[in-house]
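Asks: Fold the following and give me the result.
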Amino acid sequence: MTQGHTITIERGDRHIRVVHGQQVLAETDRALVLRETGCPVRYYIPRADVRTDLLTPSDTHTYCPFKGTASYWSLPEAPDLVWSYPDPKPDVAAIRNHLCFYEVEVS
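Replies: Have a look, this model is predicted:
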């Protein structure tokens with residue numbers, strides 16, 4: 001990490017649920033909690049706990065100098081709703097095979 005920029009990743013202890021419309025897209029008790037300087041807390045959900053059968057890969061890719069290149073997935077009415085880092089940088093390798101949604105329910 002660069003001076004003044006930090007990322008921490010820890011095992012979450014809360015139930016995470018992702019719902020879009022009436023459809024449950026993900027539900028887990030195994031999320032990783034990623035905290036990054038200047039960003040909201042993000043929950044990275046194991047791929048096995050995400051309904052990837054409902055998502056369509058997007059052509060969108062973004063680059064983060066701290067995490068690497070992100071790939072995105074969409075629903076028909078919700079483009080780029082979820083992302084992951086298929087080959088994350090070594091400092092954040094724990095998020096490999098995890099997906100992140102913009103909006104989640106935490107309980």
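Asks: Now Leu54: phi and psi?
Replies: The main-chain torsion angles of Leu54 are listed as degrees, to the nearest 10 and equal phi -90, psi -10.
Asks: Tell me the buried residues in stretch 66-73?
Replies: Within stretch 66-73, the residues that count as buried by 16 or more other CB atoms under 10 Å are 66-68, 70-73. Glycine gets a C-beta too; all of them are placed from N, C-alpha and C.
Asks: for stretch 6-16, same thing?
Replies: By neighbour count, and taking 16+ other CB under 10 Å as the criterion, the buried residues in stretch 6-16 are 7, 9, 12, 16.
Asks: Excluding residues flanking it in the chain, which one is nearest Thr37?
Replies: His5 (4.7 Å; CB to CB, 6 or more residues apart in numbering).
Asks: quick one: the strands in the chain?
Replies: Read by DSSP state E, the chain holds these strands, from start to end of the chain: 7-11, 16-20, 23-28, 32-36, 42-46, 56-64, 68-75, 78-84, 98-101, 105-106.
Asks: Asp91 is nearest to which of those?
Replies: With distances scored as CB to CB, the stretch of the strands of the chain nearest to Asp91 is strand 7-11 (6.8 Å).
Asks: Now do the closest one: everything it contacts.
Replies: 1, 30, 32-37, 44, 66-67, 91-92, 94-95 (CB atoms under 8 Å, 6 or more residues apart in numbering).
Asks: switch the cut-off to 7 Å
Replies: Strand 7-11 has contacts (CB atoms under 7 Å, 6 or more residues apart in numbering) with 1, 32-36, 66, 91-92, 94-95.
Asks: List buried residues within these.
Replies: Of the members of these, the ones counted as buried by neighbours, 16+ other CB under 10 Å, are 32-34, 36, 66, 92, 95.
Asks: Out of the residues you listed, flag the one nearest to Asp49.
Replies: Using CB to CB, these come closest to Asp49 at Leu32, 11.4 Å.
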